Structure formats: structure tokens, C-alpha cells
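Asker: no sequence for this one, just the structure:
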């Protein structure tokens with residue numbers, strides 16, 4: 001900018017025309033030339049010092065002696081200078097010599113330069129502010145778009161929080177949209193994690209509901225099972241009391257007394273049978289509760305081969321009309337567990353095979369080691385399990401035979417107890433059945449017969 005202004009001053013100096021016959025004053029020189037508005041001229045000749053400038057209207061205005069002296073005193077000896085003229089402002093001036101003159105000074109106002117600089121500064125400021133505003137808008141848009149998945153996560157969490165989850169059949173269907181749950185970026189991982197959490201919570205709530213329904217069914221079944229022997233006890237006790245009153249009254253004959261005694265004895269026998277059945281049921285329920293709590297087991301080294309041999313021998317004595325086969329290896333199969341409870345599982349599986357299959361059915365019991373597990377299988381070639389009850393076979397009070405007779409129906413707790421015992425031993429109990437082939441399999445962690453030191 002300063003270079004351009006200096007070029008203007010040099011150009012104005014080259015246009016100064018000194019006429020020999022004109023009055024030797026700055027005003028006369030400027031009046032005879034074609035100078036730009038604002039051009040300043042100070043002349044020092046033998047006739048004296050004078051100064052003038054061209055105002056905005058193009059007229060020539062003479063400077064006072066005081067203004068001229070002040071201007072001359074401010075000029076740099078090197079020829080260039082920037083001076084301030086009272087009432088005119090700041091000028092860029094150049095000192096030169098000429099024929100017939102000692103020197104002359106030509107100047108141009110710096111107001112244009114200041115105006116240009118001011119415009120540039122204003123432009124730069126406006127552009128900077130505009131750029132900052134645009135940048136702020138872009139950043140706001142980017143942040144808003146980046147945080148959109150988080151808002152979706154918050155909205156989803158708020159909707160889930162508004163649902164009643166404390167009771168009843170509850171299903172959480174709310175999920176963060178898949179487009180905002182992209183696990184490839186950090187913010188999307190939050191949505192994906194929330195969806196995973198909601199899946200787990202939904203699964204847990206469904207399991208809780210199933211457990212509640214199972215518990216209600218369990219309580220109903222237990223109440224039904226207990227109601228039958230209690231009703232029998234009450235009925236036979238009332239019958240026995242009535243028989244005693246008839247046989248023991250005044251004037252009762254010997255025959256009436258004997259009949260009353262017989263009825264009382266029969267009633268007491270039925271009361272005893274009902275109480276035993278109720279005791280067995282209560283003990284089974286108590287055993288299940290203790291197994292669920294991780295209690296009731298006494299651990300030790302158990303030879304499953306010996307347990308299988310003894311259980312098959314007992315089953316053969318109870319069901320001589322069936323064909324009993326046992327297949328075991330020469331080496332014992334050792335597990336860490338409760339021998340009495342594992343014997344109970346074996347006895348239950350063999351009893352089911354005996355009770356729910358016709359005479360002549362072949363029942364095969366095998367014990368072996370497979371993939372580091374002790375595996376016990378009880379297989380029969382009977383008619384198989386009804387598919388309608390196969391999925392609920394290990395549920396409490398489930399029966400393949402709907403009869404309530406003790407010989408066939410039972411209480412429906414045997415297989416559920418067997419599965420609970422297997423689970424308490426960190427094992428599994430499963431069944432596969434089709435007509436002609438039913439296999440119950442118990443798989444337990446095995447251990448070597450002689451532990452390594």
C-alpha cells in the first residue's frame with residue numbers, strides 16, 4: 001500500500017509544471033497543472049516560501065505560513081516523509097529540487113490509504129466473522145448429527161423406563177434403530193450395547209414370567225396332590241369315629257361292636273396310607289427345595305459302575321417280566337458326588353422304564369467314559385414317550401401317565417428330582433424318544449480313579 005502511495009506522489013511530482021513567466025507561488029503552479037484532488041505543493045524559491053493544495057472541489061487553496069513551516073520542518077532529510085497538516089490530515093510527501101527553485105515538496109493525502117486499509121480490515125473482519133459463523137453452524141450440524149444416536153438412545157431408554165416392568169407378562173419391544181446402533185463407531189456402540197442390554201432384560205423378564213407361571217402351576221399341583229390324601233384322612237377319620245360311636249353305644253350287640261371295630265381298623269389303615277403318601281410328597285418337595293438351594297448333597301468318590309449294577313439288580317427283582325441288560329467296562333467309572341442321590345436317579349430311571357413299558361421290554365443300562373464325562377444311559381425298546389408330554393417330562397408334577405394311581409401315576413416329581421440331582425452335580429439329564437427306542441442319558445464330570453499328586 002505504501003509503495004502505491006509513493007508511486008502516486010512521484011507521478012504527481014512529474015506533473016508539476018513550472019512556467020517561467022508565472023507567479024512563483026505554489027498556488028499558481030497547481031492552478032496551471034493537471035493535478036489530482038488532494039495534491040499538496042510547497043515551494044522554496046529565491047522569492048520566498050509558499051504552499052497550496054487542491055481541495056475536493058478541484059480548487060487551489062493556499063497554505064498559511066504557519067502550516068507551510070510546520071510541514072517543511074516535518075520532512076525527512078532523506079527526501080521522503082509522512083507529515084500531518086493541521087486541518088488537512090496526514091500526507092505522504094517528497095522533497096525535490098528544480099531549476100529556479102531551491103526545492104519543492106509534493107505530497108498526496110494518506111486518507112485513501114487509510115480508507116483502503118480500513119476497508120481491508122473491515123472486509124477481513126467480516127469474512128472472519130462470517131467464516132466463524134459458518135464454521136460454528138457446520139460444527140453445530142456435525143455435532144447434532146453425531147449426537148443423534150445418543151438422543152435416540154435416550155429416547156429409547158425413556159420409553160422403556162415408562163413401561164411397567166414390576167409384574168405380569170412384560171415384553172420390551174423398544175430398541176434403538178439399527179441405523180443408529182452401528183457398532184463400528186463409538187457412539188453407535190452405545191446404541192448397540194443398549195439393544196443388547198434390552199435383549200437380555202427382555203429374556204430375563206420372559207424367564208421370570210415363566211418361573212412365576214411355573215411356580216403358580218407348582219403350587220396348584222402341590223395343593224391338589226396334598227388335598228387328595230388330606231381329604232382321604234378326613235373322610236376315613238370321620239368314618240372311623242362314626243363306626244366307633246355305633247359300635248360302642250349302649251345296647252350295641254356283639255356283631256355291631258365287631259363291625260365297628262373292623263370299620264375303624266380299615267379307616268385307620270387308609271389314614272395311614274394317605275399320611276404316608278402325603279409324607280412322601282412333602283419329603284420330595286423338601287428335597288427339591290434343598291437341591292435348588294445347593295444343599296442336601298454329601299460329596300464323595302462314587303463308583304457309578306457299582307451304582308448301576310446295584311440299581312439294575314433291584315429293578316430286576318421288582319420287574320422280573322422285563323429283560324434287564326447292563327453294559328459296563330472293566331474299569332470303574334468314578335465321579336465326585338452323593339452316592340445315595342445318584343442311586344436315587346438310577347432307581348428312578350429304571351423304575352420309569354419298568355412302569356411305563358409292557359412286559360417283555362428290554363431295558364439296557366450302560367456306563368462309560370465319553371469325552372472326559374461319565375455317561376449313564378438307560379434305554380428301552382418300549383412304545384416311547386408321548387410327544388405331547390416329552391417337552392415337559394422333567395417339569396414338576398409332569399406325568400407320562402395321567403393316572404393318579406400310585407402304581408403308575410406317582411406324584412410326578414421323580415424325573416424333576418432326578419434332573420435336579422444331576423444339575424447339582426454339574427451334570428445334565430436328557431431324553432430322546434421315539435417308538436421302539438427311548439434313551440435317558442445322565443452325563444456327569446468324571447475324575448480319575450487315583451488323583452494325580
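Answerer: Cool, the structure landed. Values in this document were obtained by computation on a predicted structure and should not be read as measured data.

Asker: CA atoms for contacts and neighbours, from now on please.
Answerer: Noted.

Asker: How many residues are close by residue 40?
Answerer: 30 (other Cα atoms under 10 Å).

Asker: er, residue 419 actually
Answerer: Residue 419: 20 surrounding residues under other Cα under 10 Å.

Asker: can you pull the contacts of it?
Answerer: Contact analysis of residue 419 by Cα atoms under 8 Å, 6 or more residues apart in numbering lists 394, 428, 429.

Asker: hang on, the first one packs against residue 420?
Answerer: What that stands for is residue 394. No - Residue 394 is not in contact with residue 420 according to Cα atoms under 8 Å; the separation is 9.2 Å.

Asker: which one in the contacts of residue 419 is the model shakiest on?
Answerer: pLDDT across the contacts of residue 419 is at its lowest for residue 394, which sits at 74.

Asker: did I read that right, it in a helix?
Answerer: No - per DSSP: H, G, I helix; E, B strand; the rest coil, residue 394 lies outside any helix segment and is coil.

Asker: Give me the neighbour count for it.
Answerer: Neighbours around residue 394, by other Cα under 10 Å: 22.

Asker: OK, contacts around it?
Answerer: Taking Cα under 8 Å, 6+ apart, one finds 415, 416, 419 in contact with residue 394.

Asker: Sort out for me which of those are in helices.
Answerer: Under the assignment DSSP state H, the contacts of residue 394 contribute 415, 416, 419 to helices.

Asker: Pick out whichever of these sits closest to residue 63.
Answerer: residue 419 (120.2 Å; Cα to Cα).

Asker: Just the pLDDT for the closest one.
Answerer: 87.

Asker: Next one: it from residue 49, what distance?
Answerer: 126 Å (Cα to Cα, to the nearest Å).

Asker: Residue 80 now?
Answerer: Residue 80 is 19 Å from residue 49, by Cα to Cα.

Asker: Could you look up the SS state of residue 166?
Answerer: coil.

Asker: What is the burial count for it?
Answerer: 8.

Asker: re the thing from before, which among the contacts of residue 419 gets closest to residue 350?
Answerer: residue 429 (14.0 Å).

Asker: Hmm, the closest one is touching residue 442, no?
Answerer: Yes - counting by Cα under 8 Å, residue 429 does reach residue 442; the two are 4.5 Å apart.

Asker: what is in contact with the two at once?
Answerer: residue 422.

Asker: Show me what residue 53 is bridged to.
Answerer: residue 40, residue 61 (DSSP bridges).

Asker: Now do the contacts for it.
Answerer: With Cα under 8 Å, 6+ apart, residue 53 has these contacts: 27, 30, 38, 39, 40, 41, 60, 61, 62, 63.

Asker: same for the one helix or strand residue 201 maps to, what does it pack against?
Answerer: Using DSSP states H and E, residue 201 falls within helix 186-247. When contacts are defined as 3 or more Cα pairs under 8 Å, 6 or more residues apart in numbering; DSSP states H and E, helix 186-247 sits against helix 111-161, helix 254-292.

Asker: same thing but at 6 Å, please
Answerer: helix 254-292 (3 or more Cα pairs under 6 Å, 6 or more residues apart in numbering; DSSP states H and E).

Asker: what pairs with the next helix or strand after the helix it packs on, and is each one parallel or antiparallel?
Answerer: Using DSSP H and E, the helix or strand that follows helix 254-292 in sequence is strand 300-303. Applying DSSP bridges, strand 300-303 is found paired with strand 334-337 (antiparallel).

Asker: residues of the partner strand that come out buried?
Answerer: 334, 335, 336, 337 (16 or more other Cα atoms under 10 Å).

Asker: quick one on the thing from earlier: from the contacts of residue 53, which is closest to residue 373?
Answerer: Distances from residue 373 to those, taken by Cα to Cα, are shortest for residue 38, at 109.7 Å.

Asker: I'd like to know how far the closest one sits from residue 381.
Answerer: 124 Å.

Asker: what separates residue 177 from residue 109, distance-wise?
Answerer: 69 Å.

Asker: So for these two, which residue has more residues nearby?
Answerer: residue 109 (24 against 15).

Asker: doesn't residue 89 make contact with the more buried one?
Answerer: No - using Cα atoms under 6 Å, residue 109 is not in contact with residue 89; the gap is 7.3 Å.

Asker: okay if I get the ones in helices among the contacts of residue 394 as CSV plus distance to residue 182?
Answerer: Formatted as CSV, the ones in helices among the contacts of residue 394 follow (distance: Cα to Cα, whole Å):
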residue, distance to residue 182
415, 46
416, 44
419, 42
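
Asker: List just the nearest of those to residue 4.
Answerer: Distances from residue 4 to the ones in helices among the contacts of residue 394, taken by Cα to Cα, are shortest for residue 419, at 101.6 Å.

Asker: From residue 442, how far out is that closest one?
Answerer: Using Cα to Cα, residue 419 is found at 9 Å from residue 442.

Asker: Now list whatever residues contact both of the two.
Answerer: residue 429 (Cα atoms under 6 Å, 6 or more residues apart in numbering).

Asker: Please, which helix or strand holds residue 326?
Answerer: Going by DSSP H and E, residue 326 is in strand 323-328.

Asker: List the buried residues for that strand?
Answerer: Buried-residue list, strand 323-328, by 16+ other Cα under 10 Å: 324, 325, 326, 328.

Asker: dump the residue contacts of the closest residue to residue 381 other than its chain neighbours.
Answerer: Closest residue to residue 381 apart from its sequence neighbours, by Cα to Cα, 6 or more residues apart in numbering: residue 436 at 4.3 Å. Contacts for residue 436 (Cα under 6 Å, 6+ apart) come out as 381, 382, 383.

Asker: neighbours around the first one, how many?
Answerer: For residue 381, the tally of surrounding residues (other Cα under 10 Å) stands at 20.

Asker: Next one: it relative to residue 433, how far apart?
Answerer: Applying Cα to Cα to residue 381 and residue 433 gives a distance of 10 Å.
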